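A.B. asks: pasted the sequence and its predicted model underneath.
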Amino acid sequence: MWQRKVLAFLGAAFVAGTWFAYRGADTGGSADAQVRRGMDVWQANNCVACHQLYGLGGYMGPDLTDVITMRGDAHVRAFVQHGTQRMPAHPLTEAELDDLVAFLAWVDASGQGRVPDSAVHWTGTFILEP
Ligand code: HEC
């Protein structure tokens, strides 16, 4: 029966396509306990309402994927604790700030927020600089 062959082919194509799409999905290793607590701080304070990670999230504030390398952790702590005219202050404990910075450093090591057009491959993926 030719229908079975078509089904088998479609099944194999699906598996191969899925493997192809996810094969390079390296998130930089598994997160440790501090990073996980930092993610809880990030979520509990709804930072994503205004900020993006990996380009996803609210657009009131800037993307924070690379903020640790671009600005450093003292800058992040100051913004979160004191806020600005446009960003509300978030009075966190020192421990929560440490966890939050660890989470953002982990995100930073795992991807890039601002992808230059020159790095975008025709398949829609992007090539990291060597
Ligand atoms: C109500 C929206 C809002 C929320 C909620 C918010 N932010 Fe912001 N954030 C902003 C805006 C707007 C800016 C830009 C502020 C400015 O330039 O005055 C900003 C700036 C920052 C910056 C500086 C970025 C840079 O490139 O200099 C950091 C770091 C930051 N926010 C972290 C956080 C974290 C962490 C949280 C959650 C605890 C958070 N923000 C919650 C709106 C927000």
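C.D. replies: Nice, I can see it.

A.B. asks: do stretch 73-82 and the ligand meet?
C.D. replies: Yes: part of stretch 73-82 sits near the ligand under the criterion Cβ under 6 Å from any ligand atom, namely 76, 79-80. In this view, the C-beta of every residue, glycine as well, is placed from N, C-alpha and C.

A.B. asks: any chance of CSV for those, columns neighbour count?
C.D. replies: Formatted as CSV, the residues of stretch 73-82 next to the ligand follow (neighbours: other Cβ atoms under 10 Å):
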residue, neighbour count
Val76, 18
Phe79, 17
Val80, 22
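
A.B. asks: let's have those residues in TSV, adding secondary structure, distance to Cys47 and pLDDT.
C.D. replies: Formatted as TSV, the residues of stretch 73-82 next to the ligand follow (DSSP: H, G, I helix; E, B strand; the rest coil; distance: Cβ to Cβ, whole Å; pLDDT from 0 to 100):
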residue	secondary structure	distance to Cys47	pLDDT
Val76	helix	11	97
Phe79	helix	11	96
Val80	helix	8	97
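
A.B. asks: the longest helix that the chain contains: what's the following helix or strand?
C.D. replies: Longest helix in the chain by number of residues (criterion: DSSP state H): helix 2-22. Once helix 2-22 ends, the next helix or strand along the chain (criterion: DSSP states H and E) is helix 33-44.
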